[in-house]
Structures are given as structure tokens and as C-alpha cells.
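Trainee: Generate coordinates for the sequence data below:
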Amino acid sequence: MSVSTRTADRITIVTIERPQRRNAVDLPTALALVDAFQAFDANDSADVAILTGAGGAFCAGADLQALAAGERKPVDPDGVFAPMGPTRMRLGKPVIAAIEGAAVAGGMELALWCDLRIAGRSATMGVFNRRFGVPLVDLGTIRLPRIIGQGRALELILTGRPVTMDEALRIGLVNEVTMDGGALDRAIELAHTLAGFPQTAMRNDRLSVYAQWDLEEAEAVANEIALGRATIDSGETLSGSRRFAGGAGRHGAFESGCKTD
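Mentor: A predicted model of the protein is given here:
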């Protein structure tokens, strides 16, 4: 088993289980990751997923030993499947990366696919595949400049140098840095916060953020309005307004467990 999945309290944790390869992804692992996230997206009992790796590493990228031995992954522009697995999937619910150790090459692309990234202080990120002539084909050349800006992205892509977590936090490559060994616990805590919100508004706002990259401004405005109307029509907005009118969340109070029935 190269990928394990467990779901509890509306949180699904997907773990790459190849510590002997620093969780490098071969073809069976990539397929297993796709299956795991398709199942999460279809699971009405799960609101947030966490992607992590076993044995103190997030993911060292593609399994180059498997590649050298003749394994070939499809690089298909029209399919859902990508060489690292799920990186071309657009899920309807958020995913948090819990990063310890290496998140490099394709492993960094997996982390970029996630909505949020929580990292242990000694973790390392970087386009390490630069040294071996392996391209970024899991949307790293698209997501990295969108997250940290083109100038910084090009420097990392061209040089392939390692990125410490102090720098990663400063440039927005990760959202939060924890003590070593604490990334998963913090990701679970954050996932519970997200799962406690009314889900329709959060999911629709998230989808609008992703969709706007593909749209002209007027189309992006129309899409945001359409998703906003869908949220309002669901009844979630009225329910939340009534909770506020009843005294919840006043003066910026940040409540959890505020889902609507």
C-alpha cells in the first residue's frame, strides 16, 4: 500500500506511504493518489483533506529510480491524471498540505496543488528536478508564479536551489511554519476550523478564486455573482444572518462549529 487514507470528524488524511523512497511517487502511487482524492471529493462525510507523507518527508518528487528502470507515466493534456497523480484535478473542497522534510521537484508541485501549506521549520522546498533534466509537468510553472509572483518563481525554477521555510513563509510559498513534527497536528487543527464553517459559501468562494484565472474580467465577475447567488439560494446566508442577529460573532468574535443545520 503506497497511499493510506483515513477519515474522522469530517477530515480526510491522505498519506504517501513510501518512506524508503522519501515518498517519491511512482505510477501506482500516482494512481492511488487520484483514487484517494476522487473518493474524498465524493464523500459527503468529509469537508477538508490533508495531504502528508510518512517517515518525516512530504514527497521527494517523481520516483526517478522507477523512471530509470523503464516506468513511463502518461503526460496527457486532456486527461485528469498527471504524472504526480491529482495535480490537474480541481476538487470542490479544500486540501491542506502538511509538510515535513522534503517537498521538492514533483513533491513541491503536489504541495502547490493544495489550497494551503503548513510546514515544519526544517522542511525544504525547491525545483530539485532542475539538476536531472526532469520538467515541471504537474502545473508547477503555472501555480508557482501565481502563488509567489513571476520573478521569484523564475529564479526558483531556473536555479533549482533549496528554499528554507523562513524564506518560504516570507514569499508566500507556505502559509504557516510550525515546530518540526508539528505540521500535521496544525493542519488538522486548521482543517477543523474550515470544516466548522458553513460549507456552501466557503466552497463557492474558493471555486471562484480558481475559476477567475481562466476568465476575462467580465466573465470572472459574472461567475462570482453566479456562485454567490447559489450560496444565497441555498439558505446558508439567511441562516448565518439570523445567527448574527441573535448575537453570534459580534465585535469580530471568531466562532467555530457554526455550520447551519
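Trainee: does residue 136 really touch residue 109, like I thought?
Mentor: Yes. Counting by C-beta atoms under 8 Å, residue 136 does reach residue 109; the two are 6.4 Å apart. All C-beta atoms are positioned from the backbone trio N, CA, C, and that covers glycine.
Trainee: Which of the two has more residues huddled nearby?
Mentor: residue 109 (28 against 20; other C-beta atoms under 10 Å).
Trainee: Quick check, pLDDT for the more buried one.
Mentor: In this model, residue 109 is scored at 97, pLDDT.
Trainee: I'd say it and residue 87 touch.
Mentor: Yes. Under the criterion of C-beta under 8 Å, residue 109 makes contact with residue 87 at 5.8 Å.
Trainee: Please enumerate the shared neighbours of these two.
Mentor: Jointly contacting residue 109 and residue 87 under the rule C-beta atoms under 8 Å, 6 or more residues apart in numbering are 138-139.
Trainee: So which residue is smack in the middle of the protein?
Mentor: By C-alpha atoms, centre = their mean, the chain has its centre lying nearest to residue 114, at 0.9 Å.
Trainee: Next, give phi and psi for that residue.
Mentor: Phi and psi for residue 114, reported as degrees, to the nearest 10, are phi -70, psi 160.
Trainee: Now do it against residue 76, distance only.
Mentor: In this view, residue 114 and residue 76 are 22 Å apart by C-beta to C-beta, to the nearest Å.
Trainee: Check residue 8 too.
Mentor: For residue 8, the distance to residue 76 equals 35 Å [C-beta to C-beta].
Trainee: Equivalent analysis for residue 159, please.
Mentor: Residue 159 is 29 Å from residue 76, by C-beta to C-beta.
Trainee: now swap in residue 56 and tell me
Mentor: 33 Å.
Trainee: Tell me which of those two has more neighbours.
Mentor: More crowded of residue 56 and residue 76, by other C-beta under 10 Å: residue 56, with 16 against 11.
Trainee: tell me the contacts of that one?
Mentor: Here residue 56 is in contact with 19, 100-101 (C-beta under 8 Å, 6+ apart).
Trainee: And residue 165, by the same measure?
Mentor: Contacts of residue 165 by C-beta under 8 Å, 6+ apart are 119-125, 174, 177.
Trainee: can you do 10 Å?
Mentor: Residues in contact with residue 165 (C-beta atoms under 10 Å, 6 or more residues apart in numbering) are 99, 119-125, 173-174, 176-178, 180, 183.
Trainee: Also residue 185?
Mentor: Taking C-beta under 10 Å, 6+ apart, one finds 98, 118, 178-179 in contact with residue 185.
Trainee: ditto for residue 156
Mentor: When contacts are counted by C-beta under 10 Å, 6+ apart, residue 156 touches 108, 125-127, 130, 140, 144-145, 148, 162-163, 167, 171, 173.
Trainee: Read off the pLDDT value for residue 212.
Mentor: 94.
Trainee: Number of residues surrounding it?
Mentor: By other C-beta under 10 Å, neighbour count at residue 212 equals 15.
Trainee: does it really touch residue 218, like I thought?
Mentor: No. Residue 212 lies out of contact with residue 218 (C-beta atoms under 10 Å); the separation is 11.2 Å.
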